[in-house]
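> Next one to model:
(3 chains)
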Amino acid sequence: MKMSRRHSALTHIILIGFALWSVIPVIWVVLTSFKTEGEVFSTTLQILPQDPTLDNYRELLSRGDFLTWARNSIFVAVITTVVGVFLASTCAYALSRFRFRGRSASLYIFLVAQMFPGVILLVGLYQIFNNLGLLDTPWALVLSYSTIAIPFCILMLKGFFDTIPYELEEAARVDGVGVFGAFWRIVVPLSVPGIAVTAFYSFITAWNEFLFAKTFLTSREQLTLPVGTATFVDAFNQPWALLSAASVLISIPVVIFFYMAQRYLISGLTTGGVKG
Amino acid sequence: MRSRAWVAWVFMLPTLLVMAVIVFVPLAQSVAFSFTDLTNRNQGTIFKPPSWQFVGLENYTNILTGGDPNFYPTLIWTVIWTVVNVFFHFTLGLILALTLNQRFRGRTTYRLLLMLPWAVPAYITAISWRFLFNGEYGLFNAVLGLVSDQRIAWLSEFPWYYVAPIIVNVWLGVPFMMVALLGGLQSIPAELYEAAQVDGASRTQRFWNITLPQLSSVSSTVILLGIIWTFNIFVVIYLVTGGGPGGRTDILVTYTYQAFTRGDYSMAAAYAVVVFVLLISFSAVYRRFTREA
Amino acid sequence: MQRMTQLATALGALAIVVGACGGGASPTPAPATTAPEGTPAPTEAVAYQGEITFWNTMRDFELVEVQKLVDAWTAEHPGITVKMDPVPFDGADVKYDQAATGKTAPDIFRADIGWTPTFADAGYLLDLTGKIDNVDDFLNTPLATNKWNGKLYGVPQVTDALGLQCNGKLLAAAGLSAPPTTWAQLVEKGKAVTDLAAQKYGFYMRGDSYWAQPFIWGWGGTLFEVDDQGLVTVTVDSPESEKGFNYLKDSILGTVAPASWDFASDYDNMNAGFKGGTTMCILQGPWQVADLLTGDAFKDDPNNLVIAPVPDGEAGLTGSPVGGHNYVVYALVADDSAKEAAVLSLLNYLSTAESQAALASSVGLLPTRTSAYEIDSVKSDPKIADWRAVLAKATNRSGVPGASNIYKPFTDNYQLFLKGDKTAAQALADMATAWETTVFQDRLAK
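Next up, the predicted model:
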């Protein structure tokens, strides 16, 4: 629909305002990452770094542990994504295609599972992982994150699968293809947007999660990026310039991945979960 | 739809197994703990026999009758926190979605810029905004310093210690609502508007009578999700204000975490169960209400 | 899984060694080649082969120095590797607690003095009575933090206390030739260098209860008392404490220090202002000195940083919280007597006067052995001499299990008092109640 002149001006004012609001904090962090600590702790407003330096980045990348944390986060996030997509898609397929006793109970449980705070699981999970020998390993996180991410992914994928007409699989079954074959060869390829959303959501959950990582990981070399970065901000030390550089480095892959996936994200959200 | 149940269960088995180990068992354990006086001092280790006992509903009575003086204030603030945040998430998200739902040049660029807060990890946002609010060296006070002699201790002064984390969380949460509502708007059939226009309906009338009702299904879902996520969000309060000053900005989840790190496992479990029950009851009521409407 | 392989390897190696030596003759020790100057060569030989795990809460630049000592020890004890894990201090006690109950705790842990009695009481720690060399050489206060129920459960590594650290040039500008000896003096003279709107401060306070303690002790108040049975009486809600709190709020804040400040970041802001040369005095510990000396105000003139004991509140009364860290040993180490011997050997090596002196001269942490202060490198360091004066006026902390939990309710109520939400009396009373119900409830003296 076309817009009137006045309407157009108002639209742009609103959008520019919000765009600035969204972008300025990020820009500020990026600028800070090029400043020295002395400049950062100055009482006068300094927008641009007077003597832009890459020292913060250099220091971060030369610290073995930052790179180790990144490696750990990548490992955990990728495995979580694979596990999460597998678990969510198989489960969602069952919920979408089959009518069985326990179906609505299962759906309800997945909805409810998103509702409780992570803290409620901490003590019990710690004991379980301890007994399985998984404490202070990435596997504790992979398992935990998959379960955090799945409910949302299942509901989203189920909604997505619901929109795929069943006739295609019926036809395949007539041709002698098994249930799993129908799932794998017909439904999955058609669900790329939904699966992309699931993959994206799982990755992001694993990459950003803080509480469980803080509780289950102990050794410096096992930490993931969120916990490792937070150690920069303990009660006694907040090197903001260094922290800003870390923030930039950590956010870049996420932001890139996000923008690659965002097209699917919107269609996945609308076709899948949010319609309730 | 088929009814060969066993195939369905095979498909669901991997998920159910993982969830059983990671969710159901610890959850059951936590609920059980909430009926005891278990702490890290009496839990029994390989060095000392356990000395904790069942205390029935004592923890819950303690919480609900005000035996713990911090519980109700924390609950009230958590509710206010949730309501205010979701209100802004939704209204701002709706305004932006409506604005973006028109065809004009640069629309995609705006949309991508506006989604940036969603892309940045939440804990990074929390840590960064904490410095923006820094009382001596932060950006906001530096800007304030250009026009005034007064500095505000954003994270320690009333009412700013309430306002600051809300600002951060609103910054974080608007893009999700915006995107969801935009999707909802885009799936409203154009014919409805055309028909209304033919009937002579004004802009406002079209908005109230077509747009909002058509959005109601998406809206009710995202509002419920928003309420749940905001109620439970840990990193914003923990990393921005740390619950301070004096525990004033603690929400129930950070308060529970403190009980846990203090070693008060049974109380932490009880608080967590209370949160859980609150949210389930609320969502049951909410869904019934929105289904009727 | 990893542990199994390591254990198997260790057992296999041990089997080979024992078989080859046929009797286990000890190898003659070679002189240490990698030890820091002044440290003796570790001479004991031990039969254990394998790994010793060590969780260290020190910061990076401090860890490097400890690693040197450890390397010197492992050079003399081939077949033993020491795996030193840096663990962030914040939350390390929670982690250790969980690991100890799960049998995965490290053999050696650097525990804050406040945590030691708690872990000892829980049974996590090995009884070290009689196993530590030269026990009488240790300073009383740090050693006392390792004692529980008549036994010794740890070895003190470093000790510290809050001192008054000042910028020499600003002192002169305020008309002081030495750091103020009373708070009244600091307030009176500090006004000359204070301009709150321009962020120039005579003093910068923290909203953290650890920093508030001098304002209780300096007026004659106490936190709590512990009797011989380990039972606690909470005494913090006294008129003396109230006076101290009110003095802070009425006389210091808003006059020479900001009345309202960002609690969440005040540690950093305090350091930054001091380093930048806009704050005259702060309360700070020896652990930060190395960092403070890199600031603009001190990097060209380290002598500009002046250290003195905490000023008096009321006549002759002052107090400063003693902090520090101990090395503790996991109780399960005793299951393997060879391993126990190895761990004790390492522990004793790290705790010799010379080792402590090496740590002191490189990172400025204060030794806990009397004899360490006689070693040249320590004796000739003026800053360390200053800190001894600070320690002389510091207040011993009573070691009771769980005592480190007093700080959260303390900080909460203290901050509400600072904000004006509670009167001093109210805040102190609520604090006392919280301590009685959530910290000391298992051992109240009544």
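> Chain A contacts on chain C?
Within chain C, the positions lying close to chain A (C-beta under 8 Å from any C-beta of the partner chain) are C:1, C:55, C:59, C:85-91, C:95, C:98-99, C:102, C:104, C:198-199, C:208, C:265, C:267-268, C:272, C:275-276, C:278, C:288, C:296. Every residue, glycine included, has its C-beta placed from N, CA and C.
> ok, 6 Å please
C:85, C:86, C:88, C:90, C:95, C:102, C:199, C:267, C:268, C:272 (C-beta under 6 Å from any C-beta of the partner chain).
> now the stretch 51-200 of chain B
B:99, B:102, B:110, B:113-114, B:116-117, B:119-124, B:127-128, B:131, B:137, B:139, B:142, B:179-180, B:183.
> Next, see if stretch C:256-264 gets close to chain B.
Yes - Stretch C:256-264 lies within reach of chain B by C-beta under 6 Å from any C-beta, at C:260, C:261, C:262, C:263, C:264.
> and the closest residue to the fourth one other than its chain neighbours, how many neighbours?
Nearest residue to residue C:263, sequence neighbours excluded (C-beta to C-beta, 6 or more residues apart in numbering or on different chains): residue C:207, at 3.6 Å. The local packing of residue C:207 (other C-beta atoms under 10 Å in any protein chain shown) involves 23 other residues.
> coming back round to it: in helices, which of the residues of the stretch 51-200 of chain B next to chain A appear?
B:99, B:110, B:113-114, B:116-117, B:119, B:122-124, B:127-128, B:131, B:139, B:142, B:179-180, B:183 (DSSP state H).
> of those, buried ones?
Applying 16 or more other C-beta atoms under 10 Å in any protein chain shown to these, the neighbour count classes B:99, B:110, B:113-114, B:116-117, B:119, B:122-124, B:127-128, B:131, B:139, B:142, B:179-180, B:183 as buried.
> Tell me the helices and strands packed up against the strand or helix carrying residue C:74.
Using DSSP states H and E, residue C:74 maps to helix C:60-76. In this structure, helix C:60-76 packs against strand C:80-86, helix C:337-350, helix C:353-363, with contacts taken as 3 or more C-beta pairs under 6 Å, 6 or more residues apart in numbering or on different chains; DSSP states H and E.
> how big is the angle separating that helix from strand C:80-86?
Inter-element angle recorded for helix C:60-76 and strand C:80-86: 170 degrees (by axes from the mean of the first three to the mean of the last three C-alpha atoms, to 10 degrees).
> Report the rounded mean pLDDT for helix C:60-76.
The pLDDT scores in helix C:60-76 average 91.
> Run the chain-centre distance for that helix.
When distances are taken as C-alpha atoms, centre = their mean, to the nearest Å, helix C:60-76 is centred 19 Å away from the chain's centroid.
> Now do the buried residues in it.
Neighbour-count burial for helix C:60-76 [16+ other C-beta under 10 Å]: C:62, C:63, C:65, C:66, C:68, C:69, C:70, C:72, C:73, C:74, C:76.
> cool, stretch B:278-290 as well?
Those would be B:278, B:279, B:282, B:283, B:290, for stretch B:278-290 by 16+ other C-beta under 10 Å.
> which of these sit farthest apart?
B:278 and B:290 (18.2 Å; C-beta to C-beta).
> any idea how far residue B:118 is from residue A:251?
Noted for residue A:251: a distance of 12 Å to residue B:118, by C-beta to C-beta, to the nearest Å.
> again, but for residue C:57
36 Å.
> Please apply the same query to residue A:204.
9 Å.
> In CSV, could you pull the C-alpha coordinates for stretch C:320-337?
Taking C-alpha atoms only, stretch C:320-337 is exported to CSV below (Å, rounded to 0.1, in the frame of the first residue of the first chain):
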residue,chain,number,x,y,z
SER,C,320,40.9,-3.8,59.4
PRO,C,321,39.7,-7.1,58.1
VAL,C,322,42.4,-9.7,57.9
GLY,C,323,42.2,-11.8,54.8
GLY,C,324,44.3,-14.4,53.2
HIS,C,325,44.5,-17.8,51.7
ASN,C,326,45.5,-21.2,52.9
TYR,C,327,46.6,-24.3,51.1
VAL,C,328,44.4,-27.2,52.1
VAL,C,329,44.6,-30.9,51.3
TYR,C,330,41.7,-33.1,50.3
ALA,C,331,40.9,-35.8,52.9
LEU,C,332,40.8,-38.6,50.4
VAL,C,333,44.5,-38.1,49.6
ALA,C,334,45.1,-40.1,52.8
ASP,C,335,43.9,-43.3,51.1
ASP,C,336,47.2,-43.5,49.3
SER,C,337,50.0,-43.0,51.7
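> ok, residue C:331 - contacts?
Applying C-beta atoms under 6 Å, 6 or more residues apart in numbering or on different chains to residue C:331 gives the contacts C:124, C:125, C:126.
> now residue C:353
C:369, C:371, C:372.
> Distance check, the second one against residue C:354.
The reference is to residue C:371. From residue C:371 to residue C:354 the distance is 9 Å (C-beta to C-beta).
> same deal with the first one?
Noted for residue C:369: a distance of 10 Å to residue C:354, by C-beta to C-beta.
> higher neighbour count, the two?
residue C:369 (24 against 21).
> Residue B:89 is in contact with residue B:173, correct?
Yes - when contacts are counted by C-beta atoms under 6 Å, residue B:173 is listed as touching residue B:89 (4.4 Å).
> What parts of the stretch 1-150 of chain C come near chain B?
C:94, C:97, C:101, C:123.
> Name the secondary structure element that contains residue B:88.
helix B:71-100.
> right, I mislabeled it, should have said residue A:61
Per DSSP H and E: helix A:55-62 holds residue A:61.
> what's the distance between that helix and the middle of its chain?
That offset, for helix A:55-62, works out to 26 Å (C-alpha atoms, centre = their mean).
> ok, back up a step: and the residues of chain C next to chain A, which two are furthest apart?
C:102 and C:199 (48.4 Å).
> more crowded one of these two?
residue C:199 (21 against 17).
> give the contact list for the more buried one.
Here residue C:199 is in contact with residue A:43 (C-beta under 6 Å, 6+ apart).
> my read is residue C:111 is in a strand, agree?
Yes - counting by DSSP: H, G, I helix; E, B strand; the rest coil, one finds residue C:111 located in a strand.
> how far away is it from chain B?
According to C-beta to the nearest C-beta, to the nearest Å, residue C:111 stands 15 Å off from chain B.
> What of residue C:427?
Between residue C:427 and chain B the distance is 9 Å, computed by C-beta to the nearest C-beta.
> show me the contacts for that residue.
Residue C:427 is in contact with C:413, C:416, C:417, counting by C-beta under 6 Å, 6+ apart.
> Just give me the closest of those to residue B:233.
Distances from residue B:233 to the contacts of residue C:427, taken by C-beta to C-beta, are shortest for residue C:416, at 24.5 Å.
> Dump the residues of the stretch 1-150 of chain C next to chain B into a markdown table; add distance to residue C:254 as well.
Formatted as a markdown table, the residues of the stretch 1-150 of chain C next to chain B follow (distance: C-beta to C-beta, whole Å):
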| residue | distance to residue C:254 |
| --- | --- |
| C:94 | 37 |
| C:97 | 41 |
| C:101 | 48 |
| C:123 | 49 |
